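> Just need the structure, nothing else, for what follows:
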Amino acid sequence: MFFKYLAALVLVTAFLYGCAGNHVYKSQSTYLTGFSFYDAQKKKELEGVTEGDISHVEPSPSFSKQSPFAKEMPSDFFLLKPYTDTWKAYYYFFQVRKRFHENLPGIIPESEFDIPVVWNDKVQVFLVYFQNSGRDIFSEWLSRSGKYIPMMKVILESKNMPPDLVYLAMIESGFNVRARSRKGAVGPWQFIDSTARRYGLRIDSWVDERMDPEKSTRAAADYLQDLYVMFESWELAAAGYNAGENRIKSAIETYRVSDFWEISEYTLPEETKDYVPKLIAALIIARDLEKYGFTGIEYQEPEPFEKVSVPPQRSLRDMARIAAINYERLRDLNPSLIMSSTPPGFSYDLNVPLGFGAIVASKYDEISALEIVVLRSYKSNTNKYYKVRRGDTLQKIASRYGVGVSALKKANRMKGSIIRIGQIIKIPGASGSAYVREKGTKGVRNTSSSAKAISKSTTRYKVKKGDTLQKIANRYGVELSSLMVANNKNTASNLKAGEILQIPQNGTVLLSSNGGKASQKSDTKNVIDYRVKNGDTLYKIASRYDVSVSQIKRWNNLKSTKLIAGDKIMIYAD
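Prediction:
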């Protein structure tokens, strides 16, 4: 039994002997410089300096045990000598630790999956900003956060991700679901078009799921998870979310460093350099609002809702009237319906206030009899003129009138993008979309044994090299199934360059025999059995087939990112 603990006993003895044997000298100065956390009064007591005595104290030539500058003799074990320098060092260490935890409560990372909190000059800049000139906007963000943070945290935790990543949405958009940036990023998580589509969000003339709080949060969680797998750092993952993973990857390869703070000294856009410090500052404040002066915030409450199936291409305003729901309330529950109408295709799952699901379902036939909303394009050959207002940019004006920024510059002979309030801008041949209402057909939910297409008009399209049915459907904002029916295509159909396709316009309504949504997974993807090779990673495979890491994990029920050569995984690719 004795031998079982012999090794431990030897180590403890060696440790104590080593501590006793070290010759440690106290600094001759009574002053300690730098940022300190320990008790100043205790410091004076330990150093033998009385109140009001700030004279320089020279060490005594004797080695009195009462002297704070005494040399620890090899025979003295510090555990039994509370007046020694070693005990003083221990005291200071635990004081620092105590004060550190008091100043940063609850934000010390507990595992590698928590966001590391670094308190440096860059973070301090935004702590000061949010408490002063940025106080009003930060208060507004906090107010909106009450409506979305509970849902967002549930989604992040379900994917085993740090719930504090919700503050990334705060920095991106201030939790504004309809936020739009100059670069075309949209929604609370500010997805650009290409990334949103890569992570399964629908974007067309009718629907922009980047503005759907729940769906965009799931997509953002998947994207951030992929970034973390790629960089093994939440700081770099956040930077990649802002600047793009390729830019961060290139910076790491160029400078051979994988630390955000070091990389930001060498390269990265100014926006990205500020992005991570801003995120950390928001997190620090949010963890202790009262300490930083944010009190009396009136938080918006989450709106409970339920989903109900409704007919396609019906106006939200008309449905709200029939179901006795406030229109603004219904519209706010469905921010992704950019035309305030359900999209063409199959029945659509609409968010309605809690308690209204049964009411709306009971009025399905009445809603079906409503006028169908059709989107028509228009183009004018006449020029219009616009007077610039406060907050206008060329991008905003161009988007409003459906013209390109370059066309706007050319029409106004502009070299730059600077405009001034009151300036008159010529709008060349404006184009856009407008509603056209057509009378619906009552009771059409289950009218045939197979899907029907009721087409209002069609456009002809010449297939180009690299085109797929899905790409063409996305380009024209129509359902894939609608495109397939219009051209008698099936899943095995191959497109040939030069082939002419009929593009059904947004007036097309697809009706299913069971009234439900058809799963398009098997219709839109080819299943590939991929055998893992040496050196493969999920990120490499995902990049090769233009899918995401999270999708591969979901399709194959993978709990981790580790792969073994020879394993087979399924990939659904175009």
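> can you list the domain ranges for this structure.
Using automatic domain parsing, the domain ranges for the chain come out as 3-103, 121-287, 381-429, 525-573.
> Mean pLDDT lowest where, among these?
Among these, domain 3-103 carries the lowest mean pLDDT, at a mean of 46.
> hey, where'd the strands end up in the chain?
Assigned by DSSP state E, the strands in the chain fall at 305-310, 348-353, 372-379, 384-387, 424-427, 431-438, 452-454, 458-462, 500-504, 509-511, 526-531, 568-573.
> Would you give the sheet partners of the fourth one, along with the direction of each?
Here strand 384-387 is paired, per DSSP bridges, with strand 424-427 (antiparallel).
> Would you mark the buried spots in the partner strand?
By neighbour count on 16 or more other C-beta atoms under 10 Å, the buried set for strand 424-427 is 425, 427. Bear in mind the C-beta positions are built from the backbone N, C-alpha and C, glycine included.
> Please apply the same query to stretch 266-282.
For stretch 266-282, by 16+ other C-beta under 10 Å, it's 268, 272-282.
> Residue 545 is in contact with residue 570, isn't it?
No: with contact defined as C-beta atoms under 8 Å, residue 545 does not count as touching residue 570 (11.0 Å).
> from the buried residues of stretch 266-282, which two are the most distant?
Checked with C-beta to C-beta, these reach their widest spread between 268 and 282, with 19.3 Å between them.
> Chain neighbours aside, what residue packs nearest to residue 331?
Closest residue in space to residue 331, ignoring its immediate chain neighbours: residue 316 at 5.7 Å, by C-beta to C-beta, 6 or more residues apart in numbering.
> right, I mislabeled it, should have said residue 147
Among residues not flanking residue 147 along the chain, residue 300 sits closest, at 4.1 Å (C-beta to C-beta, 6+ apart).
> Please apply the same query to residue 214.
Computed as C-beta to C-beta, 6+ apart, the closest residue to residue 214 that is not its neighbour in sequence is residue 151, at 6.3 Å.
> Number of residues surrounding that neighbour?
14 (other C-beta atoms under 10 Å).
> What residues does the residue lying closest to residue 237 once chain neighbours are set aside make contact with?
Among residues not flanking residue 237 along the chain, residue 227 sits closest, at 3.8 Å (C-beta to C-beta, 6+ apart). Contacts were defined as C-beta atoms under 8 Å, 6 or more residues apart in numbering; by that measure residue 227 touches 236-237, 240-241, 245.
> Next one: residue 227 from residue 186, what distance?
Computed as C-beta to C-beta, to the nearest Å, the residue 227 to residue 186 distance reads 19 Å.
> Scan the chain for its longest helix.
helix 135-158 (DSSP state H).
> Now do the helices for the stretch 401-550 of the chain: every range, in order, please.
Assigned by DSSP state H, counting those that start in this stretch, the helices in the stretch 401-550 of the chain fall at 405-411, 469-476, 480-486, 521-524, 538-544, 549-555.
> got it, and the stretch 151-300 of the chain?
So, for the stretch 151-300 of the chain - with DSSP H, counting those that start in this stretch - the helices run 166-173, 193-198, 213-231, 234-243, 245-255, 260-266, 270-287.
> Out of those helices, the one nearest residue 309 is which?
Of those, nearest to residue 309 by C-beta to C-beta is helix 213-231, at 17.2 Å.
> and of the buried residues of stretch 266-282, the nearest to residue 404?
residue 272 (27.4 Å).
> Assess the claim that that closest one and residue 260 are in contact.
No: checked against C-beta under 8 Å, the pair residue 272 and residue 260 is beyond contact range at 9.2 Å.
> hey, what's in contact with both of those two?
In contact with both residue 272 and residue 260: residue 239, using C-beta under 8 Å, 6+ apart.
> wait, doesn't residue 353 sit right on residue 329?
Yes: between residue 353 and residue 329 there is a contact at 6.2 Å, judged by C-beta under 8 Å.
> When the two are compared, which one has more neighbours?
Set side by side, residue 353 and residue 329 show more neighbours around residue 353, with 18 against 14, by other C-beta under 10 Å.
> Phi first, then psi, for residue 212.
phi -80, psi 110 (degrees, to the nearest 10).
> any idea how far it lies from residue 176?
Distance, residue 212 to residue 176, by C-beta to C-beta: 14 Å.
> what do you get for residue 298?
For residue 298 relative to residue 176 (C-beta to C-beta), the value is 17 Å.
> okay, now the residue nearest to residue 331: neighbour count?
For residue 316, the neighbour count with other C-beta under 10 Å is 22.
> so who does it touch?
By C-beta under 8 Å, 6+ apart, the contact set of residue 316 is 327, 330-331, 334, 337, 340-342.
> can I get those residues in TSV with neighbour count, pLDDT and distance to residue 145?
Below are these laid out as TSV (neighbours: other C-beta atoms under 10 Å; pLDDT from 0 to 100; distance: C-beta to C-beta, whole Å):
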residue	neighbour count	pLDDT	distance to residue 145
327	15	94	26
330	23	96	23
331	15	95	21
334	21	97	21
337	22	95	24
340	17	90	26
341	26	93	30
342	24	94	29
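> and which of those residues is nearest residue 171?
Using C-beta to C-beta, the contacts of residue 316 come closest to residue 171 at residue 334, 25.5 Å.
> quick one, what contacts the closest one?
316, 350-351.
> same thing with residue 553?
Residue 553 touches 538, 559, 561, counting by C-beta under 8 Å, 6+ apart.
> What subset of these is buried?
538, 561.
> now, which of the contacts of residue 553 sits nearest residue 136?
When the contacts of residue 553 are compared against residue 136 (criterion: C-beta to C-beta), the nearest one is residue 561, at 42.5 Å.
> Please tell me I have it right and residue 182 contacts residue 398.
No: judged on C-beta under 8 Å, residue 182 makes no contact with residue 398 at a distance of 11.2 Å.
> Looking at the two, which is more packed in?
residue 398 (19 against 10).
> I figured the more buried one hits residue 411, correct?
No: with contacts counted by C-beta under 8 Å, residue 398 stays clear of residue 411, the gap being 10.6 Å.
> pLDDT of stretch 309-325, averaged?
Averaging pLDDT along stretch 309-325 yields 94.
> Check which residues of it are buried.
Those would be 309-316, 318-320, 322-323, 325, for stretch 309-325 by 16+ other C-beta under 10 Å.
> Same list (those residues) but as JSON lines, adding distance to residue 361.
Formatted as JSON lines, these follow (distance: C-beta to C-beta, whole Å):
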{"residue": "309", "distance to residue 361": "7"}
{"residue": "310", "distance to residue 361": "9"}
{"residue": "311", "distance to residue 361": "12"}
{"residue": "312", "distance to residue 361": "16"}
{"residue": "313", "distance to residue 361": "18"}
{"residue": "314", "distance to residue 361": "14"}
{"residue": "315", "distance to residue 361": "18"}
{"residue": "316", "distance to residue 361": "16"}
{"residue": "318", "distance to residue 361": "16"}
{"residue": "319", "distance to residue 361": "12"}
{"residue": "320", "distance to residue 361": "15"}
{"residue": "322", "distance to residue 361": "12"}
{"residue": "323", "distance to residue 361": "10"}
{"residue": "325", "distance to residue 361": "13"}
